[in-house]
Every structure is written in structure tokens, then in C-alpha cells.
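Colleague: Build the 3D model from these lines:
(one chain, ligands or ions: 1)
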Amino acid sequence: MKPEIPPTNGLALYFKDLNPFNHQQDLASCISALLNIPKPALTCSGTAALIIALETLKELYPQKTQVIIPAWTCPLVALAIEKIGLIPILCDLEKNHFKFDLHDLKQKNNISTLAIIVTHFAGLVYDLTDLKYIAQQHNTYLIEDAAQAMGAKYNHQSVGLQGDIAFFSLAFGKGLTSAEGGILFSIRPELQKKIHKKASKVPMLKDWEFKRSIELFGYTLLYRPSTLSWIYGHHLRKYLKENNEIAAVGDDFNQEDIPIHQLGKWRSHVAAHAANRLPEHWNQAHLQAKKRIEQLRKLPHLTIFDEESSTTATFPFILILAEHKKITDAILAALWTGGLGITKLFVRAIPDYPALKHLHSSVPNAIDFAERSFTITNSAWLDDQNFNKILKTIEMITLQYDLI
Ligand SMILES: *Cc1c(COP(=O)(O)O)cnc(C)c1O
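Modeller: Numbering: from 1, shown residues only. Here you go, the predicted model:
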């Protein structure tokens, strides 16, 4: 079996984390203390957290039916909005960036807009200052999608405290995991009370809990380079061979992929136990990413997304935009199937997923960003030797591009 490096810097679990006789730490209190945030509600996924957030806001403003999202994001976000009868409105991105095109955002925000979902992509912090001003025009709520950014900081504070409501994801590959799980909280006491009430009323579904518990055990066993290809690399290569990029990166979701149930006690205790290792995990990832970003910066024709001043990113992977689609295609042709943790974050803009094509709207920059972006894992298992291999390959491709 060829070693396989994971595409993101997931926190590995140890068998001792699974011990049901461990001193039982409450995951919500543990995350609250670790991040200095209000005690969160626990949910069965990041998507379920978003649904609870939206339902809470919908009750406050039943006449508002639209939710603005970036046109390049996790397809589950759009599916979640539709699942509860709201309408996703796609905002295009700024040219050559994952941030909102503010002009498009201003135009799309109106009296029917319930919320704007802002995404902290790639463990980087999105500064909400400009968005707050736009949101205020029509009393629109700001929801922070921090699924990829637990641990990231803005002015020494956790992400999720700039807007009205925020959530993290505990899915595989997002960092801390409970085999699907979500963390939901609000800095606004009145909203915080409502989301807790709603989250507590969600049913416990034994079949789902059993399935997830098995998956969590499987992850503990197999999330390491020697066996990861069984649960990751094998599927990736199989689908890429069939030219199915959407399935290859696991973006092939539909409404049935969104169960709503409680996060089981055992799984939350496992995550709480592993969470003790997060500060060191984030620290190490930060050091490694900063060093590698410096090296990548020296290559031509690439934009490497780095943390902005007054923010600290967690860098689960390094997000890169090439000047031209041809460069990205050549890099992926050389490295995507190589087991070194190179992949794409979201392979398409939202309307280009078959399950969401009815959301067609003009979002050229999002389509362009989906085509030209790719990621390099920031897992500690990608050692310097393998990173240098990647660097050399990318360097060769970008230099060749100079010649055409
Ligand atoms: C993963 C992800 C989600 C959904 O989280 P789940 O826990 O998988 O439901 C939402 N938004 C973004 C940006 C994500 O990366």
C-alpha cells in the first residue's frame, strides 16, 4: 500500500481518546474555554448547525426568505438553505479572490434578505467590517461559516464573534472531528438562548449514531499515511479516472445527505478528549504553513493566500490561485493522484453542481476561481522532503508556462 497524505490537517485520534471510561469532559464547555466563546450548542454536523441558525432567524423575520451565500462554497450550504424553504442567492466573488464582490452584495441585499453567510475559507479570517455596513442597510443578519476555521483568530479573539451567529464543523478533515458534528454559538444573548433551545429539541436517532460511531472508530484506525488510501486516495483516483471531479473531492451531495439528530454523548467525549491537543496542533500547523508560504511565494504566476494583519489563521491546507486555468490543470495533472495531499477545495461554482444548477445566475468570478484554485495539504505528515518535491514540480510547470 502506497502512503497517502491527507488533503487537510485533520487532528488524528488516538485509541485512548475512544475510552468510554475516560474522565468525561463536556465538549461544549471544553470548546468554550479553549476559544473563549459563549458555551456552544452541539449539533450533528456543521450543516445542521447552519439549519438551526437559519430556522432561529426565520422565526424572528418570517417575511424574509432569501439568504446570500458566496457563489463558490460548500454545496451543503446551498442545500441546507433550500431544505428549510429559504432561497439561496448567489453573490459573485471579487476578481481573483474568495471574498464577496461588494458591489454585487450591495445589489443583492434587500428587505427580503434574512442573512448573509460569510465564509472563513481555508482557516483564514474574513474581516467583516465592510459587510456589517452593507448588512445594516436592511437589518440583515451575518452568519459566520467557520466550518474550516476553528482556532482562527481576529484581534486575538476567536472567529465567530464579529457577526451574529457562527458555526464550526467537526466533519472528517476539518481539524477536530467526531465523525460529523457541529458547534453553534452566538455572541448575542437573545439569539444564543434561542439556538440552544432549538438544538435541544432535535431527536436522537440511534441508527445514525451507530453509523457515525463506527465511522469514528474507522477514522481512528485508518487516518494515517499507511492506510489512508483505503478511505480516501482510492476513491479519489477511481473517480478522477472516470472524469468525475465532483465525486472525487466529495462534493456530490444532495438533500438526503443532511440528517438532523443529536450528537451522541460518546462521540462528543471522544472529541473533547482529543481537543486537549488542539493548541499544539494549531501552533505546529501555523509554523509549517508560514515557512512554506514563503517558499511558494517565490514561484511566478501564483497567488498564495496568507493571513491578513491582526489575524491568525489555522491553515488546514494552503489555498493557491494560479494566473491561468492551464497552470492549475497542469499542476493537478502532475500531482492530484500522487498521494501528496494536493487537491481542489470546491471543484465548481455553486450553479455548476448538477444538484444546484437551478440556481443559475451570472457569477463569472466564482466560476473562474473554481477553475484556477487548488490546495496543498498542511498536514504534518507532508514532510519537507515531499513538500520540496511538490515545490519542484510546481516550479517546473510555472517556468514552462513562461515559455509558451
Ligand atoms: C464542510 C463545510 C460545511 C459543512 O459542514 P459539515 O460539518 O460537513 O456539514 C459548510 N461550509 C463550509 C465552508 C465547509 O467547508
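
Colleague: Smallest gap between this structure and the ligand, at which residue?
Modeller: residue 46 (2.7 Å; C-beta to the nearest ligand atom). (Glycine included, C-beta is placed from N, CA and C.)

Colleague: For the residue lying closest to that residue once chain neighbours are set aside, which residues are in contact?
Modeller: Leaving aside its chain neighbours, residue 46 sits nearest to residue 169 (3.1 Å; criterion: C-beta to C-beta, 6 or more residues apart in numbering). Going by C-beta atoms under 8 Å, 6 or more residues apart in numbering, residue 169 touches 45-46, 49, 147-148, 150, 181-183.

Colleague: Let's see that with 7 Å instead.
Modeller: 45-46, 147, 182 (C-beta atoms under 7 Å, 6 or more residues apart in numbering).

Colleague: Show me which pair in those is furthest apart.
Modeller: For these, the farthest-apart pair by C-beta to C-beta is 45 and 147; their separation is 9.4 Å.

Colleague: what about the one helix or strand residue 114 maps to, distance to the chain center?
Modeller: Under the criterion of DSSP states H and E, residue 114 resides in strand 113-119. The chain centre lies 16 Å from the centre of strand 113-119; the measure is C-alpha atoms, centre = their mean, to the nearest Å.

Colleague: now the residue nearest to the spatial centre of the chain: how far from residue 40?
Modeller: With distances taken as C-alpha atoms, centre = their mean, residue 148 lies nearest the centre of the chain, 3.3 Å away. Distance of residue 148 to residue 40, computed by C-beta to C-beta, to the nearest Å: 17 Å.

Colleague: And residue 382, by the same measure?
Modeller: The gap separating residue 382 from residue 40 is 31 Å, by C-beta to C-beta.

Colleague: Of those two, which one has the most company?
Modeller: A direct count of neighbours by other C-beta atoms under 10 Å for residue 382 and residue 40 places residue 40 higher, at 26 against 23.

Colleague: Count the residues that sit near the residue lying closest to that one once chain neighbours are set aside.
Modeller: For residue 40, ignoring the flanking residues on the chain, the nearest one in space by C-beta to C-beta, 6+ apart is residue 185 at 3.9 Å. Counted by other C-beta under 10 Å, the residues lying close to residue 185 total 28.

Colleague: Hmm, residue 35 and residue 185 touching each other?
Modeller: No - Residue 185 is beyond contact range of residue 35, at 9.2 Å (criterion: C-beta atoms under 7 Å).

Colleague: Show the end-to-end separation of stretch 24-43, please.
Modeller: With C-alpha to C-alpha, to the nearest Å as the measure, stretch 24-43 spans 18 Å from end to end.

Colleague: Over to stretch 60-76?
Modeller: Taking C-alpha to C-alpha, stretch 60-76 runs 24 Å from one end to the other.

Colleague: right, is it up against the ligand?
Modeller: Yes - for stretch 60-76 and the ligand, the contact criterion (C-beta under 6 Å from any ligand atom) is met by 73-74, 76.

Colleague: contacts for that stretch?
Modeller: Counting by C-beta under 7 Å, 6+ apart, 47, 54, 77-78, 81, 86-93, 98, 100, 105, 108-109, 112-117, 119, 147, 251, 253, 258, 346, 349-350, 353, 355-356, 363, 366, 369-370 sit against stretch 60-76.
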